[in-house]
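Novice: Next comes the sequence, and after it the predicted model I'd like to discuss.
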Amino acid sequence: MEKFTVLNALVAPLDRANVDTDAIIPKQFLKSIKRSGYGPNLFDAWRYLDIGQPGMNDAKRPLNPDFILNQSRYQGAEILLVRKNFGCGSSREHAPWALQQYGFKCVIGPSYGDIFFNNSFKNGFLPVVLSEAEVDGLFYDCALPGFRLVVDLERQTVATTDGSKSYKFDIDASRRNSLLNGLDEIDLTLRHADEIRAFEARRREQLPWLFR
Amino acid sequence: MGRTLYDKLWDSHVVHAEADGTALLYIDRHLVHEVTSPQAFEGLKLAGRKPWRIGSVVATADHNTPTTGWERGLAGIEDPISRLQVDTLTANIKEYGAKAYFPFLDKRQGIVHVIGPEQGATLPGMTVVCGDSHTSTHGAFGCLAHGIGTSEVEHVLATQCLVTKKMKNMRVSVAGQLGRGVTAKDVALAIIGRIGTAGGTGCAVEFTGSAIRALSMEGRMTLCNMAIEAGARAGMVAVDDTTIQYLQGRPFSPVASEWDQAVATWKMLLSDADAKFDHEIKLEGQDIAPQVTWGTSPEMVVSVEAGVPDPEKEKDPVKREGMERALAYMGLKPRTPIQEILLDKVFIGSCTNSRIEDLRAAAAVAKGKRVAANIKVAMVVPGSGLVKAQAEKEGLDRIFRESGFEWREPGCSMCLAMNADRLEPGERCASTSNRNFEGRQGAGGRTHLVSPAMAAAAAIAGHFVDVRAWR
Ligand code: SF4
């Protein structure tokens, strides 16, 4: 997994609540058996004027000029600012893959769908939780052309580049550690292989029907 | 202090806990389908790892499979990309094995959340995971069941554990009785309408109360299925005689002395009387009317007697804008009576409402009537091959066919329109599925979520009607 330490990047605002993972990456793109190639179809139904299908040449498709990510000022944005309950709905991990492969490294919002939130960490993609009021303020600040933020995972802060504003965010110690060091979670778990084996043996004895 | 059902399920599966509360949770049952598993198997292979306990895996192909043309065999999956995904699952199961695999065309194939319980592969006290958010369905059996992402699928394959943190406890009680024509689906939608699609975020929800206890296992599955639409990863109902009766004699249920032993442990799977919940929601069964969603999120729901809400009355600007956007997408005007909304298609199916009881309810409404002329397609898609066979034994297929419904092969179908079944842009559908998101049933398609009886009645009338007044 890729490491995440400090990110100083352009911010793009997506001003809608309850953005579901079907919107982040529509189902027709879930037929792929690969882990890559989802970036061009991020927010496909909002981003393009035609209906996207796998195998299309996305570079040739008509863009929706009203969609925020298509505006020139947000090209190269690596932080996505969102509203509450971002990533609700389907468990598809293709959602963080698509965001990441589009170029985002971090999303900042007041709350997330649980599974999306989990999936993000597994891919070194950081979902930052700030209060609703703080996020509201950032949407306001984002009106400024070229608005950037600095996300510092070590210090658990989101700050403006001039340091005039800085917000603290919470994150589980183990998740933070995994992100900072880019650790492989399966390796970490397998360090407890003996405990898992012992647990399993006990369970097999007590509840044998679960192992038939 | 007493413990909740969720506390008990959690405690009995913790293998290892870190200081920050992160735990390794042992997984008893791992359900697998073709869409969220290929990258997990690939990851396993690339890292040179072996599955920890492949006997925990029950797999099926359901999302991409067609609901017509089964006589053509695998060639019936016309989209080559879909076919590759289905073939990839078969190849992975061939390489690694499974406790059971119900491939495309198998008599027992079906939607993963229908076949797990049907086979007795979901048992009380288990932890059940699947790379699918509607895994919450299985919580109906007093187990801890939730959806996971593909990286977690790989992690569970490799370690039999999930790295996770304990959720909060929420209790939703529905007291009294449900009115005639009011179903578990209406209860689920009414709860979501009340607490919102983020209302249960971070929580495991236990459904209790006399109206819940009175539900069949099918109804409880419908309710737990929709827990994820309230933001809760897991929903659950405590074990009782209804649970135990349902499980007796299922193919994978315990037998002989193990059955008695199992039943004795299952009977302890309920919250203690003095258990504490972090959140409590209370509803009265008799207050719940048949529900119809009007927008693009399951929380945008009203009773069938109501009208489409007016955004101008909403004070919160983010919400108001969301409502306006939803109405524009849905092509609806504020204050239109729900029962005046004309429909183009009707879909009865999905892991929410495709079990035998759902089909019986829909057939009872459709019997001896005709689908309205303005309905282009009304389709019934059973949740599994066994549901289909049972329905045919009862003659439900004939009732549907004679009324003008299409009777299809099992699968996810138009719940998410990954196969050929879908809405065309602008088409309006009464659907028994679980998500009315933009484009969910086909790009530009407009979905209204309802119960099976309400969907059948809407097909006959051509518009929504209050099924309680159905003759
Ligand atoms: S029926 Fe719909 S919600 Fe259920 S598993 Fe299939 S696609 Fe998902």
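Specialist: Sure, I can see it.

Novice: separation between the residue in chain A positioned nearest to the ligand and B:Ile111?
Specialist: When scored by C-beta to the nearest ligand atom, chain A has A:Ser90 as its residue closest to the ligand, at 7.2 Å. Where C-beta positions appear, they are placed from N, C-alpha and C, glycine not excepted. Note on A:Ser90: its distance to B:Ile111, by C-beta to C-beta, to the nearest Å, is 14 Å.

Novice: more neighbours, the two?
Specialist: B:Ile111 (32 against 29; other C-beta atoms under 10 Å in any protein chain shown).

Novice: And the residue of chain A closest to the ligand, its phi and psi?
Specialist: phi -60, psi 150 (degrees, to the nearest 10).

Novice: same question, A:Asp162
Specialist: phi -90, psi 0.

Novice: From B:Asn169, how far out is it?
Specialist: In terms of C-beta to C-beta, A:Asp162 sits 44 Å off from B:Asn169.

Novice: who's in contact with the residue nearest to B:Leu332 when sequence neighbours are not counted?
Specialist: Nearest non-adjacent residue to B:Leu332, counting by C-beta to C-beta, 6 or more residues apart in numbering or on different chains: B:Val308, 5.1 Å away. Listed by C-beta atoms under 8 Å, 6 or more residues apart in numbering or on different chains, the contact partners of B:Val308 are B:294, B:302, B:327, B:332-336, B:338, B:341.

Novice: could those go into TSV alongside neighbour count?
Specialist: Listed next are the contacts of B:Val308 as TSV, based on neighbours: other C-beta atoms under 10 Å in any protein chain shown:
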residue	neighbour count
B:Trp294	24
B:Val302	19
B:Leu327	21
B:Leu332	20
B:Lys333	10
B:Pro334	15
B:Arg335	10
B:Thr336	13
B:Ile338	24
B:Ile341	21
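
Novice: What pairs with the longest strand along chain B, parallel or antiparallel?
Specialist: Using DSSP state E, we find that the single longest strand of chain B is strand B:168-175. According to DSSP bridges, strand B:168-175 has the following sheet partners: strand B:203-208 (parallel), strand B:279-284 (parallel).

Novice: Most widely separated two among the contacts of B:Val308?
Specialist: B:Val302 and B:Lys333 (14.3 Å; C-beta to C-beta).

Novice: State the number of residues packed around B:Phe347.
Specialist: Neighbour count for B:Phe347, taken as other C-beta under 10 Å: 28.

Novice: Assign it to helix, strand or coil.
Specialist: strand (DSSP: H, G, I helix; E, B strand; the rest coil).

Novice: ok, back up a step: quick check: next helix or strand after the longest strand of chain B?
Specialist: Proceeding N to C from strand B:168-175, the next assigned helix or strand is helix B:184-195, under DSSP states H and E.

Novice: as a whole number, average confidence for that next one?
Specialist: Averaging pLDDT along helix B:184-195 gives 98.

Novice: Quick one: mean pLDDT over the longest strand belonging to chain A.
Specialist: As assigned by DSSP E, the longest strand anywhere in chain A is strand A:6-14. The average pLDDT within strand A:6-14 is 98.

Novice: what about it, near chain B?
Specialist: No - Strand A:6-14 lies apart from chain B when judged by C-beta under 8 Å from any C-beta of the partner chain; the minimum separation is 12.1 Å.

Novice: so what does that strand touch, helix or strand wise?
Specialist: Using 3 or more C-beta pairs under 8 Å, 6 or more residues apart in numbering or on different chains; DSSP states H and E, the elements in contact with strand A:6-14 are strand A:79-82, strand A:106-109, helix A:132-141, strand A:148-152.

Novice: and the angle from it to helix A:132-141?
Specialist: 80 degrees (axes from the mean of the first three to the mean of the last three C-alpha atoms, to 10 degrees).

Novice: And for residue 194, the neighbour number?
Specialist: Unless you meant another one, I'm taking chain A. The number of residues packed near A:Asp194 is 8, by other C-beta under 10 Å.

Novice: should've been chain B
Specialist: B:Arg194, neighbours per other C-beta under 10 Å, totals 15.

Novice: wait, does the longest helix belonging to chain A contact chain B?
Specialist: Longest among the helix segments of chain A by residue count, using DSSP state H, is helix A:193-206. Yes - using C-beta under 8 Å from any C-beta, helix A:193-206 reaches chain B at A:193, A:195-196, A:199-200, A:203.

Novice: The stretch 201-350 of chain B against the ligand: which residues are in contact?
Specialist: Listed as neighbours of the ligand in the stretch 201-350 of chain B under the rule C-beta under 6 Å from any ligand atom: B:Ser350.

Novice: and with 8 Å instead?
Specialist: Taking C-beta under 8 Å from any ligand atom, the part of the stretch 201-350 of chain B that reaches the ligand is made up of B:225, B:349-350.

Novice: which residues are in contact with stretch A:70-79?
Specialist: In contact with stretch A:70-79 (C-beta under 8 Å, 6+ apart) are residues A:7, A:9-12, A:47, A:63-65, A:68-69, A:103-108, A:145-146, A:149, A:151.

Novice: For ChimeraX, what selects the buried ones among these?
Specialist: Typed into ChimeraX, the next command selects the buried ones out of the contacts of stretch A:70-79 (criterion: 16 or more other C-beta atoms under 10 Å in any protein chain shown):
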select /A:7,9,10,11,12,47,64,68,69,103,104,105,106,107,108,149,151
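
Novice: Leaving out sequence neighbours, find the closest residue to B:Gly76.
Specialist: B:Gly69 (4.0 Å).

Novice: burial measure for that neighbour, as a count.
Specialist: Other residues within reach of B:Gly69, judged by other C-beta under 10 Å, total 13.

Novice: Repeat that for B:Leu9.
Specialist: Neighbours of B:Leu9 (other C-beta under 10 Å): 24.

Novice: what's the pLDDT at it?
Specialist: pLDDT, B:Leu9: 98.

Novice: Is it in a helix, a strand, or coil?
Specialist: Following three-state DSSP, B:Leu9 is assigned to helix.

Novice: picking that back up, identify, from the contacts of B:Val308, the entry nearest to B:Met268.
Specialist: Out of the contacts of B:Val308, the member with the shortest distance to B:Met268 (by C-beta to C-beta) is B:Val302, at 40.4 Å.

Novice: hang on, the closest one in a strand?
Specialist: Yes - B:Val302 forms part of a strand when assessed by three-state DSSP.

Novice: Could I get the contacting residues of it?
Specialist: With contact set as C-beta under 8 Å, 6+ apart, B:Val302 has these partners: B:193, B:291-292, B:294, B:308-309, B:338.

Novice: can you redo those as TSV with secondary structure?
Specialist: Converted to TSV, the contacts of B:Val302 look like this (three-state DSSP):
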residue	secondary structure
B:Gly193	helix
B:Gln291	strand
B:Val292	strand
B:Trp294	coil
B:Val308	coil
B:Pro309	coil
B:Ile338	helix
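
Novice: Output those as JSON lines; include the columns distance to B:Asp421.
Specialist: Shown next, in JSON lines, are those (distance: C-beta to C-beta, whole Å):
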{"residue": "B:Gly193", "distance to B:Asp421": "28"}
{"residue": "B:Gln291", "distance to B:Asp421": "24"}
{"residue": "B:Val292", "distance to B:Asp421": "22"}
{"residue": "B:Trp294", "distance to B:Asp421": "23"}
{"residue": "B:Val308", "distance to B:Asp421": "27"}
{"residue": "B:Pro309", "distance to B:Asp421": "30"}
{"residue": "B:Ile338", "distance to B:Asp421": "25"}
